[in-house]
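Asker: I need the structure of the sequence given here:
(chains A, B and C)
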Amino acid sequence: MTLLATLARFRNVFFNKHFLKKTALYTILTLGAVSMLVPFLWMISTSIKQPDEVFSSGGGIQWLPEHFFWRDTVVNGRTIRAWWGNYPDAWREINIFRLYLSSIFVAAVGTFGQVLTSSMAAYAFARLRFPGRDKLFFAYLATMMVPGSVTMIPVFVIMKRLGWINTYQALIIPGLFSAYGTFMLRQFFMGLPSDLEDAAKIDGSGYVGIWARVILPLSKPALATLTTFTFMGFWGSYMWPLVVTITEEMRTLPIGLSYFVGQHATNYTQLMAGSVIALIPLLVLFIFNQRYFVEGIKLSGIKG
Amino acid sequence: MEEESRFTRLAAVAGIAIGAVLILVIGIYLIATANPSKPGKTVIRWVVDPNPIRKEQIKLFEKRHPDIEVINDPGADAQRLLTQLAGDVPPDVMALYDPQTIRLFAKNDVLLDLGPYVRKYKIPVDKLYPALEPYIKYRGKIVGIPENCGPYVVFYNKRLFREAGVPYPKPGWTWDECLAAAKKLTKYQIVRGRKIPVQKGLFISDGDWWFFIWMYGGRLFSKDGKRCLMDSEAVKKGIRFWADLRLKYHVMPTSSEAQSMAPTGAWGSSALLFRESKVAMTVSGRWLCIQYREQKDLDWDVVSVPHGPIRFTLLASKSYSIPKTCRHKEAAITFIKHLLSKENQLLVANYGDGIPSLQDPEISKAFLYNPQYPNERNNKLHLDEMKYARVQEFSPYINNLDVSAIMSVELDKMWLRQQTPDQACEAIAKRINAIIRRNLANPNFLN
Amino acid sequence: MPARRREALAAYAFLMPNFLGFLAFTSIPVVISLVMAFSHWNIFKPPSWVGLENFRNLLWFHHEGKRIVANDPFFWQYVYNTVYLMAGIPIGMAGSLLVALMMNQKLKGIVVFRTIYFLPSVCSGVALLILWKYLYNADIGLINKSLRLAGGVIYSHPAIAIPFTIFCALFFGVTAIGVMAALLALVQWISAKIGLEWQEGFYRALMMIAGAAIFVYIGVYSRSFYNALSSFFFSPPDWLGTVQWAKPSLILMGLWGGLGGYNMILYLAALQGVPTSYYEAAEIDGAGPWAKFWAVTWPMISPTTFFILVMSIIAGFQGGFMTANVMTGGGPAGSTTTIEYYLYQTAFEKFNMGYASAIAWFLFAVILILTLITWKLGGKVVIYE
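Answerer: Residues are numbered from 1 along each chain as shown, chains lettered A, B, ... in the order given. Next up, the predicted model:
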């Protein structure tokens, strides 16, 4: 009797539809995750190697460095740097401290500005009616369709006329007004159910109130997403800061990292060490923003 | 509406406030320390590729001229340079890497005519190698000054030569000798029934077609630049030889073989093949010795590029120019003069980046022996090769970038065996001539 | 004040900060570049108006003897490359949606998965390209090594080889039929929009004919199919070194990167915005998971789908520079060079800003038309509350 019961329970647990579905999901996700981890692991692996170990001859990727010393050691007449050595070397080589602060400042201010102005504009496009709304929105869209290379010189000349060359205004302000954020948030706002706004209007709330108290809280995932993307955009922007800065102190991180790519040879180990250092804030931001991704909107107080 | 507890709300607000204050503090710090002004100093901006030797060069200069400060600006990207010049934020000294760019800039009146300054500051431009003229002059005016140059030579791996029992090559050797040596230096192994190359005799970059165009006396363009002569018999003969090196004699690796012998990574560092002793000979200018020196167990030497009926080698260099809109012309020209000084020339040359561009007996003598690298006994070869060095051909009627695009596409097809060398030459000539015709009819295409 | 007026004023107030900056820093340069497209400007001399000449040089043809030859042959090759590389967009979007659906589940540790999947998007682009280049290497790359290994195992015995071949043939057949079905469905849907209605059995008849044709074809050529398949395993192609495989390899690489990247996150955010009450309502109506998806999820995330599609089209036409530069060097015989590279070269290396602007605005026109088509067609599908 008990054997049958145990078997039955076994069957209930493991051949349960729910359990199978979960296992399948986990398996697929894990397989994919392994492949997604590889580039990151390679970056770290490269950053702890010696320069001549980066590309091993004969094929295959050499994942672990040959020597793993905690301090610089001499082996066969050659000095092998400590495994963590590339990090301080890279840090000093391109003065990462200043670049980091610069990038953080530019990205933080720029992201805040973009998200703020975009969410306001997106609300206007999505929910408010005014003459020429759709045409204006299309004009916004249209500007994104022109490749940036040809508009760079006019923007640069504008910067020059304003006297903003080699200043933080030039690094931040043009990036604030991309139509990307407005477009994205408009789409999202339009997909929100309008019941809550109607309720708020009945309660006598003004437009600003609706925007601040209804739309924004409901859009936490979209706002978190836009924040992450905009921050990443500023963080990784290479060409524009390069063009607009002249002195060392004003540069941002991607420009600094490009110093490792020389005309004849590339310093891969320090480049990867620098790149690892550079991607930490992005990861932190992403993980932090995940808390705004909660499954489904819990609309308590509204009858379905 | 989500119910948030008082606590989380407060925590969020506090977090945001702290974050904002931090950003503010960072911002103030950054702006305050942004452009430290140095009283009494002229600051000039030197736009050149990022190279570890630049810091040394600047230190040397600033010691001699304490009233001038030089900023090394490593962003020599075409887009950046052009945008800054267009927007009137010119660099003071800029590096230009090929004669066509120099010509384009000079034609558009962007570059300062250095003639008067050369006379005033007595810059020894007349002592520069005559072969470097395309980098220096445009229509008789001096617009650029190279500090170093690199005639192409063959780097060979002495150990691989010894192991194969091939005597070391001597300067002035021919292609037949080279081919014979390369065949002996090409080795395979059988792995699971497949023949895999372990070592190849020779490596020449796919873009170095000049060696084979000129090999039998051919030319790419006619003297007036209005016709492409790629389909002449002399050029075809040379290209056939080149194709055979890889496709018939297999002494040169195909690109996937090269990748598997020593993964060349993203920026195509073909030097890796030589460093890993996977090829016995490679053709390049002197600058790759910087990389080869890093490989401590690599026993290498240099010899002239093998020749056919005519002896020549390719010459590459870069030139420093001053834009007309430069704000500190005097300081800039002082800097350029310094770059031609004996100390700077030796500094750059000893670092390994080419050879000095000045034909000065004192400099040449000092260049012959570098105490840091006593194994390099053949530095004289580089100086001797300047006798035969030629800069690549340009035509005023077609942009070199179009030429490169056509050549690489058609030659790729040849390497993939989709067409014979003769067909490739004819296709190239046809396409280049078509574009020249178009440009002649419609000069707006050129600039 | 009438409510309408108040609403409009409020709208202007909300728009103002963004719009002013947009005007100054985005629209003025765009207008300038439009003027440049009709001018001849080499950056250092003042521009001169030339009307449509740039466009004629770019897009038009001329006679050479008896033949008609393009004015700018480079351009058309790059257009072909660029459009080809965009073929993966629908698959990429579907893939991102699928992964987003998986990531939206209440699994323990899902945040860890989301972060890991997002890693390639923050990793150095160069690192990714280097790794993929390794992967695709003809001799030592993982893909070809695995193929050879598998080939050795499969073809060691006919007992394994033949069923495997049959399985592959079936797989290809079914995929071909599936693709055909999807295309026919699309055509049917579009013609419905335009007003052409199809006969009831017409679609089914077409499908059956197509299916039968495919299987007959495979049956007749089974021997060469067998040979082709076995040689694929024994001497796998040089993925990045042959003209036929270079672009599909890049497409595959792009698909992988997109699985965990921006599009996936956007879809995830959109999925989060679907109220659970809708799903509950659907369940009460007795809908299964498939029906729930098509009835609730798909319509609710359609604005995001539109966004992703438009942005992908824009990015597709304007991208490919770094890949070509770093990974393939423009590809075997120029087959992986895209318009973006040509644009950069024309503007900054040939100093021909007018011509470059013409290229840019031609791209603009193409993207605009595609977006308009998407907007109009999607009119019924994209649902706004």
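Asker: all contacts plus neighbour counts: C-alpha atoms, from now on.
Answerer: Noted.
Asker: So, low pLDDT: which residues of chain B?
Answerer: Scanning chain B with the threshold set as pLDDT under 70 gives B:1-5, B:35-38, B:263-269, B:444-447.
Asker: Nearest to chain C: which residue in it?
Answerer: Of all residues in chain B, residue B:409 sits closest to chain C, with a separation of 3.9 Å (CA to the nearest CA).
Asker: Distance of that residue relative to residue A:283?
Answerer: Shown here: residue B:409 relative to residue A:283, a distance of 41 Å by CA to CA, to the nearest Å.
Asker: same thing with residue B:90?
Answerer: Residue B:90 sits 38 Å away from residue A:283, going by CA to CA.
Asker: which of the two has more neighbours?
Answerer: Set residue B:90 next to residue A:283 and count neighbours by other CA atoms under 10 Å in any protein chain shown: residue B:90 wins out with 22 against 18.
Asker: Which residues are in contact with the more buried one?
Answerer: With contact taken as CA atoms under 8 Å, 6 or more residues apart in numbering or on different chains, residue B:90 is in contact with B:84, B:323, B:325-326.
Asker: With residue B:338 instead?
Answerer: B:61, B:344.
Asker: can you count the residues close to residue 88?
Answerer: Defaulting to chain A. Neighbour count of residue A:88, defined by other CA under 10 Å: 14.
Asker: look at chain B instead
Answerer: Residues near residue B:88, counting by other CA under 10 Å, number 15.
Asker: what residues are up against the closest residue to it other than its chain neighbours?
Answerer: For residue B:88, the nearest residue in space outside its immediate sequence neighbours is residue B:325; the separation is 7.2 Å by CA to CA, 6 or more residues apart in numbering or on different chains. Going by CA under 8 Å, 6+ apart, residue B:325 touches B:88, B:90, B:110.
Asker: could I get these as JSON lines with secondary structure and distance to residue B:234?
Answerer: As requested, the contacts of residue B:325 are arranged in JSON lines below (DSSP: H, G, I helix; E, B strand; the rest coil; distance: CA to CA, whole Å):
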{"residue": "B:88", "secondary structure": "coil", "distance to residue B:234": "48"}
{"residue": "B:90", "secondary structure": "coil", "distance to residue B:234": "45"}
{"residue": "B:110", "secondary structure": "coil", "distance to residue B:234": "39"}
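Asker: for those, which one is nearest residue C:309?
Answerer: Using CA to CA, residue B:88 is the member of the contacts of residue B:325 that lies nearest residue C:309, at 39.4 Å.
Asker: Now the terminal residues of stretch B:132-141, how far apart.
Answerer: From the first residue to the last, stretch B:132-141 extends over 14 Å; the measure is CA to CA.
Asker: For residue C:160, grab the count of nearby residues.
Answerer: Counted by other CA under 10 Å, the residues lying close to residue C:160 total 12.
Asker: Let me see the contact set for it.
Answerer: Under the criterion of CA under 8 Å, 6+ apart, the contact partners of residue C:160 comprise residue C:154.
Asker: go on, residue A:83?
Answerer: Here residue A:83 is in contact with A:48-49, A:67-71 (CA under 8 Å, 6+ apart).
Asker: switch to 7 Å and redo it
Answerer: Contact analysis of residue A:83 by CA atoms under 7 Å, 6 or more residues apart in numbering or on different chains lists A:48-49, A:68-70.
Asker: how far is the helix or strand encompassing residue A:272 from where the chain is centred?
Answerer: Residue A:272 is part of helix A:268-289 when elements are defined by DSSP states H and E. Offset of helix A:268-289 from its chain centre (CA atoms, centre = their mean, to the nearest Å): 10 Å.
Asker: Near the one residue in the stretch 201-350 of chain B that gets nearest to chain A, how many residues? Count them for me, please.
Answerer: Using CA to the nearest CA, residue B:262 is the residue of the stretch 201-350 of chain B that sits closest to chain A, at 4.7 Å. Burial of residue B:262 is recorded as 26 neighbouring residues (other CA under 10 Å).
Asker: Confirm that residue B:250 sits in a strand.
Answerer: No. In this structure, residue B:250 is coil, not part of a strand, as judged by DSSP: H, G, I helix; E, B strand; the rest coil.
Asker: Okay, now the unreliable bits of the stretch 101-250 of chain C?
Answerer: Counting by pLDDT under 70, the stretch 101-250 of chain C contains low-confidence ranges at C:198-200.
Asker: Tell me the residues of it that contact chain A?
Answerer: Contacts of the stretch 101-250 of chain C with chain A, taken as CA under 7 Å from any CA of the partner chain, map to C:104, C:113, C:115-117, C:119-120, C:122-124, C:127-128, C:131, C:140.
Asker: ok, of the residues you listed, which come out buried?
Answerer: Neighbour-count burial (16 or more other CA atoms under 10 Å in any protein chain shown) applied to those gives C:104, C:113, C:115-117, C:119-120, C:122-124, C:127-128, C:131, C:140.
Asker: Tell me the helix or strand right after the strand or helix carrying residue A:217.
Answerer: Assigned by DSSP H and E, residue A:217 falls within helix A:216-218. Read in the C-terminal direction, the helix or strand following helix A:216-218 is helix A:220-236, with elements assigned using DSSP H and E.
Asker: If you count neighbours, what's buried in that following helix?
Answerer: Going through helix A:220-236 with 16+ other CA under 10 Å, the ones that come out buried are A:220-232, A:234-236.
Asker: swap in stretch B:41-55?
Answerer: Going by neighbour count (16+ other CA under 10 Å), the buried part of stretch B:41-55 is B:43-51, B:54.
Asker: ditto for stretch C:33-49
Answerer: Taking 16+ other CA under 10 Å as the basis for neighbour counts, the residues of stretch C:33-49 that come out buried are C:33-43, C:47.
Asker: how about that stretch, does it get close to chain A?
Answerer: Yes. Using CA under 7 Å from any CA, stretch C:33-49 comes into contact with chain A via residue C:33.
Asker: can you give me the end-to-end distance of that stretch?
Answerer: Using CA to CA, the distance between the terminal residues of stretch C:33-49 is 13 Å.
Asker: how close does the closest residue to residue C:22 other than its chain neighbours sit to residue C:280?
Answerer: Nearest residue to residue C:22 in three dimensions, chain neighbours excluded: residue A:177, at 5.3 Å (CA to CA, 6+ apart). Using CA to CA, one obtains 40 Å as the distance from residue A:177 to residue C:280.
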